[in-house]
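Peer 1: Generate a structure from the sequence data that follows.
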Amino acid sequence: MFTMQILDGQLGLTPPSIAGASVDLGIASDGLPGTLYTAGDVGSAVAQLGQGPMVEALADRLTVAGGPGYAMPLNPSTVGTVSATTYGGTGTGTVVASLAPHKEIKIKIEAGGTPTTMTFRYAVGGAAYSAIQASGAGPYVFLVPGTLCKVTFTNVTFTALDVFTVSTAGAVTVVGTGPANQITQASSPVDVYDIRVTITTSGALGVAVFNYSLDGGNTVSGQIAVPSGGVYVLPNTGVVLTFAGTFTAHALPYTIATVAAAFTTSDVNTAMTLLLANALEWSFVHVVGQATSAAGAATMASTLDTHMQTAEVAFRYVFAVTECPTTETDSTVAAAFASFVSKRVAVCAGDIGHLSSITPGKVTRRNCGTVVASKIASARPGTSIAWVEDPPNPLKSVKSLYRSGIEADILDAGRFTTVGQKTGVIGYFVVHGQTMASPGSDFTPIYARRVMDVACRVTRASLLPYTSQKIPVNPAGQTNAGKIQEKWAVAKEALIRKKLLAALNIGPGAGDDADAVDASVVFDRNEPILSTKTFKVAVRVTPFGYAENIAATIGFQNPAL
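Peer 2: Below you'll find the predicted structure:
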């Protein structure tokens, strides 16, 4: 009889690296909270998730680092706002902004009754009606999926087959017995806008002409006649302009600002629980959006650290990038994080003028976390994201800074990751990519965190097959009797080391793409495995050195002396 066994796993190959795989958590206009989305390019990201801070961050990532990219929308617990209008020009005309859904919403009552027993369906943007939705005790608030609009069913008796429509201008109408005010709406702008409305032709309603910008004048619309009814919906923004009076053409614009919808730590807890329960492998998560204060940002960082520790216990070696506002003084921001320590959380501080990867030329004020996360995703695990000569530098989607950041400063010393300029070099760079680890920790640099996470994943995957596997030991009468056999140990050490070297790209020709200098694997030959049932292994990685401080001397030289 002839038999043949085909062996597998003899080449020491490792699975594809997930070191650049990341997940964005944040606000999106069209996505369903708690649902994990995958996008291979900017177009697919926009088609699935619409607009918003998280979508812009995902688009930046896809543009800088390539796909696929992953995202999970957060519940927009806090409704966004729009400011009063400021105007320094002449004329008596007024422009007032309000908020409405960016897509038309229809609500069809299926079973009549009070909100406790009533059921309904919804349709967004002309799409088909949803499945039947149950309501709750009145007044019942319902976030319409695919929008940032919350409709409230007042505590009255609804009539079956009534159809309520919430227009993009914010008006609620009803076909049926109604009345329309049985439903109210509260909407958020789909993103952060610095709106400028400029009157270019004088006149009353229906005569005056204007243009508008959503990003402070960087990009401007064409010329638009002021509607005779006075109401103009800024397309796909969730913002409605109401004109009144007679207008005078003037170079100074009417200025309006919006604040995007926001989430809470509870919303992030919900999302992280779902994300960690998902089988998808990723290396870091970026929470897109910042608290209103440094203290709030510290609370969010602590929340994320708890989830990162939970992940590590479950053998998921990941880290988080979160954001902190710098609207307070630098010393206040630093003080808020003085007692916070985490080896798996990086906090990005400082706002930038961010160039959109979705709308060419559009510039929006955002936390630098968007570009920092993209830089991490695009860089090799062992490469410092602050390396000036790394090809993606300078950061191409940064147009300006909202705080200085020339070389080191108080926030850099406070363990924050910031973006700044380097004297003598054109452009904007990550000053130091660092976690909130305690001073002196091996894992202060983000590259060290990433390299160790890669090594941990490979080591666990390589050693797991030895659980309850037959391990040969030396027989009685031999040296180290009852302990692991040398020949077997040497062969397995070499196999696991080979996998580590491959995962960390260590070898001839790797050059700057190598993530470490060397790796070693040593089995404990002295462990009495028969009695302890324990297999001890020491894995070590030799990292690259990085010169964060350079000391140079310079002077003249006289060749004749």
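Peer 1: for the helix-or-strand element of the chain with minimal mean pLDDT, packing partners?
Peer 2: Lowest mean confidence among the helices and strands of the chain (mean pLDDT, DSSP states H and E): helix 529-532, at a mean of 89. For helix 529-532, not one helix or strand is in contact under the criterion 3 or more C-beta pairs under 8 Å, 6 or more residues apart in numbering; DSSP states H and E. Heads up, the C-betas are built off the backbone N, CA and C, glycines and all.
Peer 1: Contacts for it next, please.
Peer 2: Contacts to helix 529-532, defined as C-beta atoms under 8 Å, 6 or more residues apart in numbering, come from residues 471, 473, 482, 483, 484, 535.
Peer 1: The second one: neighbouring residues, count only.
Peer 2: Here the number of neighbours of residue 473 (other C-beta atoms under 10 Å) works out to 17.
Peer 1: Could you do the third one as well?
Peer 2: Applying other C-beta under 10 Å, we find 14 residues neighbouring residue 482.
Peer 1: Report the contact partners of it.
Peer 2: 473, 474, 476, 528, 529, 530, 531.
Peer 1: how close does it sit to residue 279?
Peer 2: From residue 482 over to residue 279 the distance is 40 Å, taken as C-beta to C-beta, to the nearest Å.
Peer 1: Equivalent analysis for the fifth one, please.
Peer 2: Distance, residue 484 to residue 279, by C-beta to C-beta: 34 Å.
Peer 1: got it, and the fourth one?
Peer 2: Counting by C-beta to C-beta, the gap between residue 483 and residue 279 amounts to 38 Å.
Peer 1: Settle it for me: which of those two has more neighbours?
Peer 2: More neighbours surround residue 483 than the other of residue 483 and residue 279, with 18 against 4 (other C-beta under 10 Å).
Peer 1: That one contacts residue 472, correct?
Peer 2: No. Counting by C-beta atoms under 8 Å, residue 483 does not reach residue 472; the two are 10.3 Å apart.
Peer 1: Tell me how many other residues crowd the residue lying closest to residue 378 once chain neighbours are set aside.
Peer 2: Nearest non-adjacent residue to residue 378, counting by C-beta to C-beta, 6 or more residues apart in numbering: residue 65, 3.9 Å away. Neighbour count for residue 65, taken as other C-beta under 10 Å: 19.
Peer 1: Equivalent analysis for residue 350, please.
Peer 2: Neighbour tally, residue 350, other C-beta under 10 Å: 27.
Peer 1: So which bits of stretch 110-119 are buried?
Peer 2: By 16 or more other C-beta atoms under 10 Å, the buried positions in stretch 110-119 come out as 114, 115, 118, 119.
Peer 1: Residue 349 bridge partners, please.
Peer 2: In this structure, residue 349 bridges to residue 324 when assessed by DSSP bridges.
Peer 1: All the helices of the stretch 151-300 of the chain, in order from the start?
Peer 2: 265-277, 294-313 (DSSP state H, counting those that start in this stretch).
Peer 1: Of the ones you listed, flag the one that's most buried.
Peer 2: Burial of the helices of the stretch 151-300 of the chain is given as mean neighbour count (mean count of other C-beta atoms under 10 Å); helix 294-313 ranks first at a mean of 19.
Peer 1: Would you mind getting the angle between it and helix 265-277?
Peer 2: Angle between the axes of helix 294-313 and helix 265-277 is 20 degrees (criterion: axes from the mean of the first three to the mean of the last three C-alpha atoms, to 10 degrees).
Peer 1: For helix 294-313, what is the distance to the chain centroid?
Peer 2: Offset of helix 294-313 from its chain centre (C-alpha atoms, centre = their mean, to the nearest Å): 15 Å.
Peer 1: What would that helix look like as CSV? C-alpha coordinates only.
Peer 2: C-alpha atoms of helix 294-313 as CSV (Å, rounded to 0.1, in the frame of the first residue of the first chain):
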residue,chain,number,x,y,z
ALA,A,294,-10.1,68.8,28.0
ALA,A,295,-11.7,67.3,31.1
GLY,A,296,-14.4,65.7,28.9
ALA,A,297,-11.6,64.4,26.5
ALA,A,298,-9.8,62.9,29.5
THR,A,299,-13.0,61.0,30.4
MET,A,300,-13.3,59.7,26.9
ALA,A,301,-9.6,58.6,26.9
SER,A,302,-10.2,56.7,30.1
THR,A,303,-13.2,55.0,28.6
LEU,A,304,-11.2,53.9,25.6
ASP,A,305,-8.3,52.7,27.8
THR,A,306,-10.7,50.4,29.7
HIS,A,307,-11.8,48.8,26.4
MET,A,308,-8.1,48.5,25.2
GLN,A,309,-7.2,46.6,28.4
THR,A,310,-10.3,44.4,27.9
ALA,A,311,-9.1,43.7,24.4
GLU,A,312,-5.6,42.8,25.6
VAL,A,313,-6.9,40.3,28.1
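Peer 1: which residues touch the residue lying closest to residue 381 once chain neighbours are set aside?
Peer 2: Nearest residue to residue 381, sequence neighbours excluded (C-beta to C-beta, 6+ apart): residue 450, at 3.8 Å. The contact partners of residue 450, by C-beta under 8 Å, 6+ apart, come to 19, 283, 319, 376, 381, 382.
Peer 1: same thing but 7 Å
Peer 2: 19, 283, 381 (C-beta atoms under 7 Å, 6 or more residues apart in numbering).
Peer 1: how about the second one, what does it touch?
Peer 2: Read that as residue 283. Here residue 283 is in contact with 18, 19, 20, 21, 22, 318, 450, 453 (C-beta under 7 Å, 6+ apart).
Peer 1: For residue 36, give me the backbone phi and psi.
Peer 2: phi -90, psi 120 (degrees, to the nearest 10).
Peer 1: scratch that, residue 95
Peer 2: phi -130, psi 120.
Peer 1: For residue 360, give its distance to residue 42.
Peer 2: 11 Å.
Peer 1: One more: residue 354?
Peer 2: In terms of C-beta to C-beta, residue 354 sits 15 Å off from residue 42.
Peer 1: Which one's more surrounded, the two?
Peer 2: residue 354 (26 against 20).
Peer 1: hang on, isn't the more buried one packed against residue 370?
Peer 2: Yes. Using C-beta atoms under 7 Å, residue 354 is in contact with residue 370, at 5.9 Å.
Peer 1: Spell out which residues are contacts of both of these two.
Peer 2: Common neighbours of residue 354 and residue 370 (C-beta under 7 Å, 6+ apart) do not exist.
Peer 1: Nearest spatial neighbour of residue 20, chain-adjacent residues omitted?
Peer 2: Nearest residue to residue 20, sequence neighbours excluded (C-beta to C-beta, 6+ apart): residue 377, at 4.6 Å.
Peer 1: Which single one of the contacts of residue 482 is nearest to residue 290?
Peer 2: Of all the contacts of residue 482, residue 290 sits closest to residue 529, with 51.5 Å by C-beta to C-beta.
Peer 1: quick one on the thing from earlier: just checking, what packs against the strand or helix carrying the residue nearest to residue 20?
Peer 2: Assigned by DSSP states H and E, residue 377 belongs to helix 369-378. Judged by 3 or more C-beta pairs under 7 Å, 6 or more residues apart in numbering; DSSP states H and E, the packing partners of helix 369-378 are helix 53-65, strand 284-287, strand 319-324.
Peer 1: List the contacts of that helix.
Peer 2: 20, 22, 56-57, 60-61, 64-65, 284, 286, 288, 321, 323, 348, 352, 354, 385, 392, 395, 397-398, 417, 419, 430, 446.
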